[in-house]
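> Prediction below, plus the sequence it came from.
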Amino acid sequence: MKNSPSYTPLLQAFLLALTITSCEKFTEGVVQEIPFPDHIPVLTATLIVNDQDDKIFAQISSSASVIDPEGPQPVQGAVVTLTDEGGQTLYTLSESDFYDPLYKLDLENTFGTTSGQITLTVDAPGFDQVTATNTMPSKPMFDVNYEYQGDSTSSPWDGPSIQDVYTINFDNNLGVKKNYLIHIDALYQDTETGNEEWMAMRFQTRTDPRITRLRSQDESSVIMVSDESSSSAVSALHDVQILTKSIPEASKWAPISTRVRVESLSPELASYYLSVDSYLSGGPDFFAEPSLMYSNVSSGFGCFGLASEVIFIVE
């Protein structure tokens, strides 16, 4: 049946009145309370270390409800233990190693490359024990081709810019997904004291689906490179290019040397970094679907991650 000529205006008037009434209720302060379930605090544990580190840092906290204004709090008095797959203790951090808000242990040497599974165990008064396991990834294998002033660009804002180019080719382990962090550092010398110090360099990259800029790291000086979509190709991780601002070698600001640091990440650590990045990229939209952060800790909060590092010095 066709609607009469007066039906449409009436319907529109009804919808308009309904809208106005709804708006009036909204402006009058209609509040729908949403009850949150009680939260029972559990231990959260994050310990990330690579084989070249000479310190171990652990963040041990108590979880908190989303409506808790204080948020997660550091837990003092915890005992953090790393053991090998035979049950032998490798390292222990205790209350004497607590430097609010972290636990820190200075090592006599570097952490070193270990074979087999390592277990993280955290005990603290008033909490259930939490555990996590991880395995040290193999050392990254790659070569670097360095081109001094190998690229130039120009923009109406910054004018011409000359850049040095680092081209990195990774040996790809067919069928195994790999994830790497890449850093570029420059070595500078203090003209007064003669002391030398490595400092992170800012760099750019070409558009490349294998490259991720991590918000959880310094986006301007570290990238993650992954072969998630092409792990079966021998050359899947060839020709990864990084560009840094070129400084004339005769300049007093020129570094003594530069280096490329590459960290091979365990799958768990890579998943954690990517999930944190996804969470941080969500922005301030209150109504957006929240991103869940990856965890391999038994409580469901935190990460135990391992990495192995190789350093390539550019002469």
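Arrived safely, thanks for sending. Nothing here was measured: the structure is a model prediction, and the numbers come from that model.
> if I read this right, residue 241 contacts residue 164, doesn't it?
No: with contact defined as Cβ atoms under 8 Å, residue 241 does not count as touching residue 164 (10.9 Å). Every C-beta, even on glycine, is put in place using the N, C-alpha and C of the backbone.
> higher neighbour count, the two?
Higher neighbour count among residue 241 and residue 164: residue 164, with 21 against 18, using other Cβ atoms under 10 Å.
> List the residues that contact the more buried one.
146-151, 243-246 (Cβ atoms under 8 Å, 6 or more residues apart in numbering).
> If it is in a bridge, with which residues?
Beta-bridge partners for residue 164, by DSSP bridges, are residue 244.
> so residue 182 is in which element?
In this structure, residue 182 sits in strand 179-189 according to DSSP states H and E.
> scratch that, residue 312 is what I was asking about
Taking DSSP H and E as the criterion, residue 312 maps to strand 302-314.
> by contact count, what packs against that strand?
If you count contacts as 3 or more Cβ pairs under 8 Å, 6 or more residues apart in numbering; DSSP states H and E, strand 302-314 packs onto strand 43-50, strand 130-135, strand 142-155, strand 257-265, helix 267-280.
> where does the chain dip in pLDDT?
Along the chain, the parts satisfying pLDDT under 70 run over 1-36, 228-232, 282-291.
> same thing but at 50, please
For the chain, applying pLDDT under 50 flags the ranges 1-27.
> So the chain: which segments form each domain?
Domain segmentation of the chain under automatic domain parsing yields 38-137+273-307, 142-265.
> Go through those and name the closest to residue 314.
Smallest distance to residue 314 across the domains of the chain (Cβ to Cβ): 4.6 Å, for domain 142-265.
> Among the contacts of residue 164, the buried ones, what's the ChimeraX command?
Per 16 or more other Cβ atoms under 10 Å, the buried members of those correspond to this ChimeraX selection:
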select :150,151,243,244,246
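> next structured bit after the strand holding residue 182?
strand 196-200.
> could you say what helices and strands the next helix or strand after that following strand packs with?
Moving toward the C-terminus from strand 196-200, the next helix or strand (DSSP H and E) is strand 204-205. Here strand 204-205 touches strand 240-245, going by 3+ Cβ pairs under 8 Å, 6+ apart.
> what angle separates the strand it packs on from strand 179-189?
30 degrees (axes from the mean of the first three to the mean of the last three Cα atoms, to 10 degrees).
> Strand 240-245 to strand 257-265, inter-axis angle?
Using the same axes, to 10 degrees: strand 240-245 against strand 257-265 is 140 degrees.
> can you give me the angle strand 240-245 makes with strand 142-155?
Using the same axes, to 10 degrees, strand 240-245 lies at 50 degrees relative to strand 142-155.
> Mind giving me the packing neighbours of strand 240-245?
strand 159-170, strand 179-189, strand 204-205.
> Let's check: the centremost residue of the protein is which one?
By Cα atoms, centre = their mean, the chain has its centre lying nearest to residue 273, at 3.4 Å.
> Residues in contact with stretch 165-177: which ones?
In this structure, residues lying in contact with stretch 165-177 by Cβ under 8 Å, 6+ apart are 140-147, 150-151, 178, 180, 182, 184, 225-228, 231-244, 260, 262, 267, 314.
> Can I get it in PDB, CA atoms only?
C-alpha atoms of stretch 165-177 as PDB (Å, rounded to 0.1, in the frame of the first residue of the first chain):
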ATOM      1  CA  VAL A 165      73.000   5.100   2.300                       C
ATOM      2  CA  TYR A 166      73.300   1.800   4.300                       C
ATOM      3  CA  THR A 167      72.000  -1.200   2.300                       C
ATOM      4  CA  ILE A 168      71.500  -4.300   4.500                       C
ATOM      5  CA  ASN A 169      71.100  -7.800   3.100                       C
ATOM      6  CA  PHE A 170      70.000 -10.600   5.500                       C
ATOM      7  CA  ASP A 171      70.600 -14.300   5.100                       C
ATOM      8  CA  ASN A 172      67.100 -15.600   5.100                       C
ATOM      9  CA  ASN A 173      66.300 -18.900   6.800                       C
ATOM     10  CA  LEU A 174      63.700 -20.300   4.500                       C
ATOM     11  CA  GLY A 175      60.400 -21.100   6.200                       C
ATOM     12  CA  VAL A 176      61.300 -19.400   9.500                       C
ATOM     13  CA  LYS A 177      59.800 -16.000  10.200                       C
END
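> Check which residues of stretch 77-86 are buried.
78-83.
> what's the neighbour count on residue 142?
Neighbour number of residue 142 under other Cβ under 10 Å is 20.
> Would you agree it is in contact with residue 264?
No: with contact defined as Cβ under 8 Å, residue 142 and residue 264 do not form a contacting pair (9.7 Å).
> overlap in contacts of these two?
residue 310.
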